[in-house]
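Visitor: Show me how the following folds:
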Amino acid sequence: MRILCIAVCSALLLGGCASSGSNVIKDERLTVAKVQREIKIGMSSSDVIEVLGSPNMVTTDDQRRETWVYDKVSTSINASSSGVWLLIMGSTKNSASTSQRTLTIVIKFDEYNKVRDFAYRASSF
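Guide: Presented below is the predicted three-dimensional model:
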């Protein structure tokens, strides 16, 4: 009985030390909705950086106008295991699935560093 009590107390103490995620930096997800809602023709390049952050790639055309490209890829791996079966039947059922999402945003600026055009493409597979 004493060993069981020590094991339970240890588990509670260790669980209390686990990170709750409160010190995690605010989630700054780049989404299609954010682009549609926040990016407007005529915005300054500094306003775009405030909304989307720094681009992955910057190019210029023959008139020295910049084009910014944001390219984000996220991968989700979902794994599940039927642990209850281990106790009852002596085996487990495992399954895993992987999905990927991509979002590419292209923003074109005029000679005054104002947004003159933008486009985006999202896909998931």
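Visitor: Can you give the contact residues for the helix or strand residue 33 falls within?
Guide: Using DSSP states H and E, residue 33 maps to helix 32-38. Residues external to helix 32-38 that are found in contact with it (CB atoms under 8 Å, 6 or more residues apart in numbering): 51, 52, 103, 105, 118, 120, 122. Glycine gets a C-beta too; all of them are placed from N, C-alpha and C.
Visitor: What distance do you get for the third one to residue 33?
Guide: Distance from residue 103 to residue 33, counting by CB to CB, to the nearest Å: 11 Å.
Visitor: again, but for the first one
Guide: When CB to CB is applied, the distance between residue 51 and residue 33 equals 12 Å.
Visitor: Between the two, which has more neighbouring residues?
Guide: residue 51 (15 against 8; other CB atoms under 10 Å).
Visitor: quick one: contacts for the more buried one?
Guide: 34, 38, 39.
Visitor: Chain neighbours aside, what residue packs nearest to residue 40?
Guide: Once flanking residues are discounted, residue 40 sits nearest to residue 115: 6.8 Å by CB to CB, 6 or more residues apart in numbering.
Visitor: ok so, going back, buried sites along the helix holding residue 33?
Guide: residue 35 (16 or more other CB atoms under 10 Å).
Visitor: so for it, what's the average pLDDT?
Guide: For helix 32-38, mean pLDDT rounds to 94.
Visitor: continuing past it, what's the next helix or strand?
Guide: helix 45-52.
Visitor: Can you point out the buried residues in the one helix or strand residue 119 maps to?
Guide: Per DSSP H and E: residue 119 is located in strand 115-124. The neighbour-count check on strand 115-124 (16+ other CB under 10 Å) flags 115, 118, 120 as buried.
Visitor: Dump the contacts of residue 51 into JSON lines; add distance to residue 98 as well.
Guide: What follows is the contacts of residue 51, written out as JSON lines (distance: CB to CB, whole Å):
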{"residue": "34", "distance to residue 98": "25"}
{"residue": "38", "distance to residue 98": "30"}
{"residue": "39", "distance to residue 98": "30"}
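Visitor: quick revisit: tell me what angle the strand holding residue 119 forms with helix 45-52.
Guide: Using axes from the mean of the first three to the mean of the last three CA atoms, to 10 degrees, the inter-axis angle of strand 115-124 relative to helix 45-52 is 20 degrees.
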